[in-house]
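# when you get a sec, could you give me coordinates for this:
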Amino acid sequence: MAVTMKRAALIVSFLGILSFIFGVIAENKKPASGTPISGKDMVICKYPSDPSVVLGYLSVAFLILSTSAGYWSLFYPYKGKSVPHSVLFRSSSFFVFFNIALFTGGLAATLLLWPTITEHLHLIRNVHHNLTTECPTAKTGLLGGGAFVSLDSALFWLVALMLAANAREDHFDEVEKDSKADHGQVLTDEYHVKGGAV
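Residues are numbered from 1 along each chain as shown. As a prediction, the model looks like this:
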């Protein structure tokens with residue numbers, strides 16, 4: 001089964017949507033706070049069942065896969081024809097959207113990882129010697145924001161892929177024109193040589 005641009009676009013979209021879904025569900029499942037249980041010189045925080053940590057890590061994993069697939073799809077030699085990277089980056093639109101896709105991917109990873117790691121630490125370090133602790137959880141809204149930025153990143157990779165497709169077509173058209181022009185020049189030279197000999 002040959003890899004086509006359409007299939008690559010579907011893969012990037014599918015992975016980006018999965019990252020988005022897991023991030024939104026993680027945001028919705030995150031508990032507001034834990035329950036403090038007072039002990040002797042310490043407070044133990046008991047948290048309800050919290051799948052947001054696993055869902056957050058899944059969202060980050062699919063974001064990484066989506067970003068990797070998006071990057072790979074831009075430079076893959078479709079139909080066995082590769083294009084030099086310099087040809088793609090000659091297009092200012094491609095350059096802009098490529099960098100926006102990279103930036104939004106990094107921003108989404110930050111917004112997803114920060115609350116996920118924080119929540120994970122709250123769950124495993126639940127014994128506090130500060131008797132006034134309120135058993136906090138990770139900041140609300142970051143996972144949801146990261147999920148939306150993750151989806152945006154996938155969309156920017158798709159725009160960059162469309163611009164790469166245009167740049168590839170233009171490049172191959174130029175190469176074809178140049179080869180026809182060179183071939184025509186050779187035939188004309190041969191005709192002059194033969195004509196001059198007669």
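# isn't residue 146 up against residue 106?
No. Assessed by CB atoms under 8 Å, residue 146 is found out of contact with residue 106, at 11.1 Å. Any C-beta I mention is one placed from the backbone N, CA and C, and that applies to glycine too.
# quick one: which of these two has more around it?
residue 146 (30 against 14; other CB atoms under 10 Å).
# who's in contact with the nearest residue in space to the more buried one that is not next to it in sequence?
Nearest non-adjacent residue to residue 146, counting by CB to CB, 6 or more residues apart in numbering: residue 111, 3.1 Å away. Residue 111 sits next to 142, 143, 145, 146, 149 when contact means CB atoms under 8 Å, 6 or more residues apart in numbering.
# how about 10 Å then?
23, 59-60, 63, 141-150 (CB atoms under 10 Å, 6 or more residues apart in numbering).
# was I right to think residue 148 contacts residue 108?
Yes. Counting by CB atoms under 10 Å, residue 108 is a contact partner of residue 148 at 8.3 Å.
# the more surrounded of the two?
Neighbour count, other CB under 10 Å: between residue 148 and residue 108, residue 108 has more, with 30 against 14.
# ranges for the strands of this protein?
For the chain, the strands defined by DSSP state E occupy 35-39, 42-46, 127-128.
# so where's this structure uncertain?
Low-confidence segments of the chain (pLDDT under 70): 1, 175, 178-198.
# any residues in contact with both of residue 148 and residue 108?
Common neighbours of residue 148 and residue 108, using CB under 10 Å, 6+ apart, are 20, 23.
# quick one, helices of the chain?
Taking DSSP state H as the test, the helices found in the chain are 5-29, 52-75, 85-89, 92-124, 142-197.
# quick one: residues contacting the one residue sitting closest to the centre of the chain.
With distances taken as CA atoms, centre = their mean, residue 67 lies nearest the centre of the chain, 2.5 Å away. Neighbouring residues of residue 67 by CB under 10 Å, 6+ apart: 12, 15-16, 19, 101-102, 104-106, 108-109, 150, 153-154, 157.
# now, which of those residues sits nearest residue 83?
residue 157 (17.2 Å; CB to CB).
# give the contact list for the closest residue to that closest one other than its chain neighbours.
Leaving aside its chain neighbours, residue 157 sits nearest to residue 70 (2.9 Å; criterion: CB to CB, 6+ apart). By CB under 10 Å, 6+ apart, the residues touching residue 70 are 8-9, 11-13, 15-16, 98, 101-102, 105, 153-158, 160-161.
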